[in-house]
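> Here is my input; please provide its structure:
(2 chains)
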Amino acid sequence: MSKSVIVKNVSKKYKLYNKPSERILDMISPKSYGEDFYGLRDVSFEADAGDIIGFVGVNGSGKSTLANILAGIIPETSGEVEVRGKTALIAVSAGLNNQLTGRENIELKCLMLGFSKKEIKEVEPDIIEFSELGKFIDQPVKSYSSGMKSRLGFSISVHIDPDILIIDEALSVGDKAFAEKSLEKMNEFKARGKTMFFVSHSIGQMKKFCEKILWLEYGEVKEFGTVKEVIPKYEQFFKEYKAMSKAEKKKFRENAMRKQSGLEPMSTS
Amino acid sequence: MKSALTVFKEQINSFYLIRRLSLYELKSNNKNNYLGMLWEVLNPGIQLAIYWFVFGYGLRTAGQGRSDVENVPFFAWLLAGMVVWFFINPAVTQASKSVYTRIKMLSKMSFPMSAIPSYVIMSKFYPHLYLTAISIVILNFMGQTINIYYLQLPYFMFSVIAVVIAISLITSTLSTIVRDVQMVVQSIMRMLLYMTPILWNMEDLLNDRLITIMKLNPFYYIVEGYRSALLGQGWYFIEHFQYTLYFWALVLVMFAFGSFIHVKFRRHFVDFL
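Numbers count the residues shown, from 1 in each chain, chains lettered A, B, ... in the order given. Next comes the predicted model:
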């Protein structure tokens, strides 16, 4: 099968500055200021066309960072990302203009994605229908509830016919009926052989939907494999993590911090 | 130089998008007001009235203020120069912050980032066309009738768009990296209102050397050009062809520099948020 996404040794380094002046100094002087923080470190994996991959990990493990890098929203610091095809990122209320109405947002978004006037007119009814917004479609987006926003965002993104779909927690806000409808839509994409990435804290949804799981810890790949292989291990880990005492949890997080500051060598998993 | 070509091509290729997006921009700016787009005309009108009151009426009765300038009533003179300032000022300040306020929404789009300042500038240009039309009507009522020199208006409109785009490429990039730049831009624009012959006729009051220094400001050229056209005072860009050369050289240099830093940093704009 052909590859649709190849991620090779990707790292994302952030700089943490204690003072605004450090930021300027870091920019103009050759000396380095501020602390390093690795959101992702040396992440590599490959996805075949038609794969559905879930990203799991505790908060701050780099799931959303990876999703954003795949979508091309933030640049990677080093490494290579090869994405074949058009991507669409679905995140809660991503990229909606609050001042404009839902309908204008649909037009604006499609326009920015390079649709012609005619094509926009064609997909608009479908998007409105799918979003179930009814007469709210002509109200400004700022009056929407978060569920409505994510419904609109979701229906725009699925109707622009992307090759690669990246879903970042977006389904957790809609109600059950909409979540089911979205899953149905995603199954349709699955049947059409599109690649999908799925960031969610709901292991239930992951099990139901994904084929492969990428488990991130401290911004590194802890495990990558099929759902059957990885999920039980993750569940096991999560149970242990939850059972940890406060002090242990703190230690775990401190450990993570130290690793992500690049002070400690990488784990070899 | 290569990046200047890249940006130039991007501008041409996304011209359709720039036009369409600017309409949405205009809409979303005026959505909250009951009077909507009318404010794009009302606001300048109010400002013009107060400037006329202070400079044309108030100071004059004290014995030292502006009287007629070159046989043109002060109000007509003020209006002819001010009308383009109502485009320059919002266009420069809005375009400077255009990148960092919009990048979250726009970062993954199938159009180049260099189009962001341009469409913000375009969205200010429509009201400018209206304002110019209204000004022409007022000027005609005041006796500054329509004349052959109006033909240079399109040229000066093109020039003002060119210079604003060139400046905003620089300022939008810098203000994304260092947010303070936006404050600097705002202060400079406020200063330039007085450093450009809009409210007072510099050529009467300053000596030649100072005038030459003042003329380094590219908006001097634009304002005087508009005035020549609207008041029928001559073919400004031909009569001052050396100034025309300086103006376009400056635009080119700024455009090249702006493109260079824009292209250099644009991939990392998101990181600066």
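
> burial of the residue nearest to A:Glu124 when sequence neighbours are not counted, as a residue count?
Leaving aside its sequence neighbours, A:Glu124 sits nearest to A:Ile106 (CB to CB, 6 or more residues apart in numbering or on different chains; 5.8 Å). Heads up, the C-betas are built off the backbone N, CA and C, glycines and all. Neighbour count of A:Ile106, defined by other CB atoms under 10 Å in any protein chain shown: 23.

> Output the contacting helices and strands for the helix or strand where A:Ile106 lies.
Using DSSP states H and E, A:Ile106 sits within helix A:102-112. For helix A:102-112, the elements it packs on are helix A:117-131, helix A:146-159, helix B:15-30, judged by 3 or more CB pairs under 8 Å, 6 or more residues apart in numbering or on different chains; DSSP states H and E.

> Quick check: which of these is nearest to A:Val81?
Judged by CB to CB, the one of these that comes nearest to A:Val81 is helix A:146-159, at 19.7 Å.

> Specify the angle between that closest one and helix A:102-112 in degrees.
Counting by axes from the mean of the first three to the mean of the last three CA atoms, to 10 degrees, helix A:146-159 lies at 40 degrees to helix A:102-112.

> Relative to the helix or strand that comes right after helix A:146-159, what are the paired strands and their orientations?
Sequence-wise, the next helix or strand downstream of helix A:146-159 (DSSP H and E) is strand A:164-168. Its sheet considered, strand A:164-168 pairs with strand A:87-91 (parallel), strand A:195-199 (parallel) by DSSP bridges.

> List of residues touching strand A:164-168?
A:4-5, A:63-64, A:67-68, A:70-71, A:83, A:85-92, A:94, A:157-158, A:186, A:189, A:194-200 (CB atoms under 8 Å, 6 or more residues apart in numbering or on different chains).

> what's the model's confidence in that strand, averaged?
The average pLDDT within strand A:164-168 is 84.

> now swap in stretch B:153-169 and tell me
For stretch B:153-169, mean pLDDT is 95.

> buried residues in that stretch?
B:153, B:156-157, B:159-169 (16 or more other CB atoms under 10 Å in any protein chain shown).

> What of stretch A:197-212?
Buried residues in stretch A:197-212 (16+ other CB under 10 Å): A:Phe197, A:Phe198, A:Val199, A:Ser200, A:Ile203, A:Gln205, A:Met206, A:Phe209, A:Cys210, A:Lys212.

> Pick the one among the residues you listed closest to chain B.
Nearest to chain B among the buried residues of stretch A:197-212, counting by CB to the nearest CB, is A:Phe197 at 14.2 Å.

> what residues does the stretch 151-273 of chain B put near chain A?
Residues of the stretch 151-273 of chain B lying close to chain A by CB under 8 Å from any CB of the partner chain are B:Ile177, B:Val178, B:Arg267, B:His268, B:Val270, B:Asp271.

> and those, which are buried?
Neighbour-count burial (16+ other CB under 10 Å) is assigned, among these, to B:Ile177, B:Val270, B:Asp271.

> B:Gln233 falls within a helix, correct?
No. Under DSSP: H, G, I helix; E, B strand; the rest coil, B:Gln233 falls outside any helix and is assigned coil.

> For it, report the pLDDT, please.
Looking at B:Gln233, its pLDDT reads 87.

> contacting residues around it?
B:Glu70, B:Tyr149, B:Arg227.

> phi, psi of it?
Main-chain torsions, B:Gln233, degrees, to the nearest 10: phi -100, psi 0.

> how far away is it from B:Trp52?
The gap separating B:Gln233 from B:Trp52 is 20 Å, by CB to CB, to the nearest Å.

> What does the closest residue to B:Gln47 other than its chain neighbours show for phi and psi?
Spatial nearest neighbour of B:Gln47, chain neighbours left out: B:Phe86 (7.6 Å); criterion: CB to CB, 6+ apart. The phi/psi pair for B:Phe86 (degrees, to the nearest 10) reads phi -70, psi -10.

> looking at it, B:Phe86 is touching B:Leu131, isn't it?
Yes. Counting by CB atoms under 8 Å, B:Phe86 does reach B:Leu131; the two are 5.9 Å apart.

> and for these two, which residues touch both?
In contact with both B:Phe86 and B:Leu131: B:Pro44, using CB under 8 Å, 6+ apart.

> so who does B:Tyr100 touch?
When contacts are counted by CB under 8 Å, 6+ apart, B:Tyr100 is found next to B:Ser172, B:Ser175, B:Thr176, B:Arg179, B:Phe269, B:Phe272, B:Leu273.

> Only whichever of those are buried, select them in ChimeraX.
In ChimeraX syntax, the buried subset of those is picked out as below (16+ other CB under 10 Å):
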select /B:172,175,176,269,272
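
> Good, wrapping up.
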